[in-house]
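Enquirer: sequence unknown, structure follows:
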């Protein structure tokens, strides 16, 4: 009998104050987004780690409607994916749950398999030109918005509409490229597994490629080292991140020169927010707190992280893994392996999975944010981000002058802020999964990116999960590390990571990458072999275990833990409550881990 986690608590018909179903209406292919409703317990819903803060009404519209319910469903139907029709979304309070949409008709599955057999080779033959054309299209639109004077534009309705079209188009390009690349990788993965190659080794075959996200990390680290050389370490040490810019400004001299360099860095790399496609989150340029906080913690690290050594080790590990895999194959199997490897090296999904975020996920919502901020200024709103608490039709009504912001809407925004804060505080207690729990998950996106495998699904159903001291997950990046756990709810807290800390979180996105230059290890509730944490853990030589399911429940902030990224085991060595004081953090890299880069 299937195990069902009820959705009744969230399927009350109520959502944000003043919500009406028509507020959330948007085009979709297979299934639309909505708050949970009766009958949804028939699906399998997973708490999406990308938005641990929760989503404002406008952010919920943009991602769930244009991303999940248009982007994924459009791509899954166009390629198509034989057993899946994309992903749909539901909301429990402000928190988004996703559900893969299966194709169950055997005849249709066969027809879709024939279509992908025709379409995938054409895509792979033209992958680079397809991706570069999509990327260049989005970059041209980005440059257009960079040149717009929002304050001097009378018609904000038009700008906001253009901003949403830019976001939606980016989601089409995103998933139209992602799904065939993922399908190609999974075909190679299946062939490798059939030939007896260790699945834990397959992800290594494609590592060692540089990305714009890692480039950002290196440049920020260089800034930290320049701050140290300029004698500014004490300024960073004695001020909190939110005070840092003002403190550096008062310091003058070398600090003023450094701030100029920092601002130059931001103009290239600062157009990124601390969340995936979330209009509710500021960019680094709007709010310097996070990059300055990262510089502060980089300066606490006695030994500079050697990015070049990490890159060399990633390449060496890749070549060794490929050589070892081929050595155990017959000549015929080697031919299959070599062909699959060449195809995946040409259309490298792990590389793209990180690199595309620079062009899409971390910045495509910013023009909409700028338009909302300008509208808030014109309407005399109480806060710069008040318009983010409107649903799209309400936003259009205010921007066009059809409906005044003063009065009812202003009051609703205040109530919705309280609603958002209430549900933000509940994030730690939200069920990891809801609905009908399957024995196994077949959707490759859920397995390889979200880490929803049988072990992780079983773990989150364990009523004694919070009492566990030994946990198992996906062995994502090899090596062993010991240190003090820092359990983070979102990347807003990255400044809490000391050099040598063990990062524990739901999962990571590209905005978390700078942390991997200073941590000793990483443990995630979710994430498979193709998740961000797994990819960056391998590139930086940081022992990483993903898909634990209950890490953020079982591990307390300040616990001393051990992460074994070779076996996928995480052990709580000493609870913070029994340690008396926070344990000294040390990293103990296993003999087979890349030398000099773990921690």
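Expert: Perfect, I can see it now. Every value quoted in this text rests on a predicted model; they were computed, and no experiment measured them.

Enquirer: make it CA atoms for all contacts and neighbour counts henceforth
Expert: Fine.

Enquirer: From the geometric centre of the protein, which residue sits farthest away?
Expert: In terms of distance from the mean C-alpha position of the chain, residue 331 ranks first, at 39.9 Å (CA atoms, centre = their mean).

Enquirer: And the residue most central in space within the chain, how far from residue 353?
Expert: Nearest to the centroid of the C-alpha atoms of the chain, with distances taken as CA atoms, centre = their mean, sits residue 509, at 2.7 Å. Using CA to CA, to the nearest Å, one gets 10 Å for the distance from residue 509 to residue 353.

Enquirer: shared neighbours, those two?
Expert: When contacts are counted by CA atoms under 8 Å, 6 or more residues apart in numbering, residue 509 and residue 353 are jointly contacted by residue 532.

Enquirer: all helices of the stretch 1-150 of the chain, in order?
Expert: Secondary structure of the stretch 1-150 of the chain (DSSP state H, counting those that start in this stretch): helices located at 57-60, 73-78, 106-125, 127-146.

Enquirer: Most tightly packed of those helices?
Expert: Greatest average neighbour count among the helices of the stretch 1-150 of the chain goes to helix 57-60 (a mean of 25), per mean count of other CA atoms under 10 Å.

Enquirer: From the rest of the structure, what touches it?
Expert: Contact with helix 57-60 is made by 16, 278, 279, 280, 388, 389, 390, 391, 392, as judged by CA under 8 Å, 6+ apart.

Enquirer: Equivalent analysis for stretch 22-34, please.
Expert: Contact partners of stretch 22-34, identified using CA under 8 Å, 6+ apart, comprise 21, 61, 64-66, 69-70, 73-74, 85, 88-91, 391-394.

Enquirer: dump the residue contacts of residue 77.
Expert: Contacts of residue 77 (CA under 8 Å, 6+ apart): 85, 86.

Enquirer: 10 Å - rerun?
Expert: Under the criterion of CA atoms under 10 Å, 6 or more residues apart in numbering, the neighbours of residue 77 are 29, 30, 84, 85, 86, 112, 176.

Enquirer: For those, which single residue is the most surrounded?
Expert: Ranked by neighbour count under the definition other CA atoms under 10 Å, the contacts of residue 77 are headed by residue 86 with 29 neighbours.

Enquirer: which SS class is the closest residue to residue 560 other than its chain neighbours?
Expert: Excluding the flanking residues, the one nearest residue 560 by CA to CA, 6 or more residues apart in numbering is residue 484, at 4.6 Å. Three-state assignment for residue 484 (DSSP: H, G, I helix; E, B strand; the rest coil): strand.

Enquirer: Does residue 484 touch residue 501 like I think?
Expert: Yes - with contacts counted by CA atoms under 10 Å, residue 484 reaches residue 501, the gap being 5.3 Å.

Enquirer: From residue 422, how far off is the nearest residue in space to residue 17 that is not next to it in sequence?
Expert: Computed as CA to CA, 6+ apart, the closest residue to residue 17 that is not its neighbour in sequence is residue 416, at 6.0 Å. According to CA to CA, residue 416 and residue 422 sit 10 Å apart.

Enquirer: more neighbours, the two?
Expert: residue 416 (22 against 13).

Enquirer: for the helix or strand hosting that one, the distance to its chain's centre please.
Expert: Residue 416 is located in helix 408-425, with elements delineated by DSSP states H and E. Remark: helix 408-425 is offset 25 Å from the chain centroid, using CA atoms, centre = their mean, to the nearest Å.

Enquirer: do the same with stretch 544-560
Expert: In terms of CA atoms, centre = their mean, the centre of stretch 544-560 is found 18 Å from the chain centre.

Enquirer: Report how many residues lie close to the closest residue to residue 420 other than its chain neighbours.
Expert: In this structure, residue 420 finds its nearest non-sequential neighbour in residue 94, 6.4 Å apart by CA to CA, 6+ apart. By the other CA under 10 Å criterion, the neighbourhood of residue 94 contains 26 residues.

Enquirer: Distance of residue 94 relative to residue 18?
Expert: When CA to CA is applied, the distance between residue 94 and residue 18 equals 14 Å.

Enquirer: and what of residue 101?
Expert: Taking CA to CA as the measure, residue 101 and residue 18 are separated by 30 Å.

Enquirer: Neighbour count: these two, which is higher?
Expert: More crowded of residue 101 and residue 18, by other CA under 10 Å: residue 101, with 19 against 15.

Enquirer: Tell me where the stretch 401-550 of the chain has helices.
Expert: 408-425, 444-448, 454-460, 532-540.

Enquirer: and of the ones you listed, who's closest to residue 35?
Expert: Put simply, out of the helices of the stretch 401-550 of the chain the one that sits nearest residue 35 is helix 408-425, at 13.8 Å, with distance taken as CA to CA.

Enquirer: Now do that closest one, average pLDDT.
Expert: When pLDDT is averaged over helix 408-425, the result is 97.

Enquirer: coming back round to it: what about residue 484 and residue 501, which has more around it?
Expert: Set side by side, residue 484 and residue 501 show more neighbours around residue 484, with 32 against 28, by other CA under 10 Å.

Enquirer: Write a PyMOL command that selects only the buried members of the contacts of helix 57-60.
Expert: When burial is assessed using 16 or more other CA atoms under 10 Å, the buried subset of the contacts of helix 57-60 is captured in PyMOL by this command:
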select buried, resi 16+278+279+280+388+389+390+391+392
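
Enquirer: May I see the contacts of helix 57-60 organised as a markdown table, with pLDDT added?
Expert: Supplementary listing: the contacts of helix 57-60 in a markdown table, determined by pLDDT from 0 to 100:
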| residue | pLDDT |
| --- | --- |
| 16 | 98 |
| 278 | 96 |
| 279 | 97 |
| 280 | 95 |
| 388 | 98 |
| 389 | 98 |
| 390 | 98 |
| 391 | 98 |
| 392 | 97 |
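
Enquirer: I'd like the distance between the nearest residue to residue 362 once chain neighbours are set aside and residue 282.
Expert: Leaving out its chain neighbours, the residue that sits closest to residue 362 by CA to CA, 6+ apart is residue 272, at 4.7 Å. In this structure, residue 272 and residue 282 are 8 Å apart, going by CA to CA.

Enquirer: joint contacts of those two?
Expert: Contact with both residue 272 and residue 282 is made by residues 363, 365, 366, according to CA under 10 Å, 6+ apart.

Enquirer: neighbour-wise, which of the residues you listed leads?
Expert: Neighbour count (other CA under 10 Å) singles out residue 365 as the most crowded of the shared contacts of residue 272 and residue 282, with 29 neighbours.

Enquirer: Which pLDDT value goes with the residue nearest to residue 362?
Expert: The predicted local confidence for residue 272 comes out at a pLDDT of 94.

Enquirer: Number of residues surrounding it?
Expert: 28.

Enquirer: what's near enough to touch residue 265?
Expert: By CA under 10 Å, 6+ apart, the residues touching residue 265 are 216, 219, 220, 223, 259, 285.

Enquirer: on that earlier part again, TSV for the contacts of residue 77, including pLDDT and distance to residue 538?
Expert: Formatted as TSV, those follow (pLDDT from 0 to 100; distance: CA to CA, whole Å):
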residue	pLDDT	distance to residue 538
29	95	36
30	96	36
84	91	29
85	94	31
86	93	28
112	97	34
176	96	26
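
Enquirer: Residue 115 contacts residue 80, doesn't it?
Expert: Yes - Residue 115 lies in contact with residue 80 (CA under 10 Å); the separation is 6.8 Å.

Enquirer: Overlap of the contact sets of those two?
Expert: With CA under 10 Å, 6+ apart as the test, residue 115 and residue 80 both reach residue 109.

Enquirer: Run through the stretch 151-300 of the chain and note the low-pLDDT ranges.
Expert: The stretch 151-300 of the chain contains no residues with pLDDT under 70.

Enquirer: Which parts of it are strands?
Expert: For the stretch 151-300 of the chain, applying DSSP state E, counting those that start in this stretch gives no strands.
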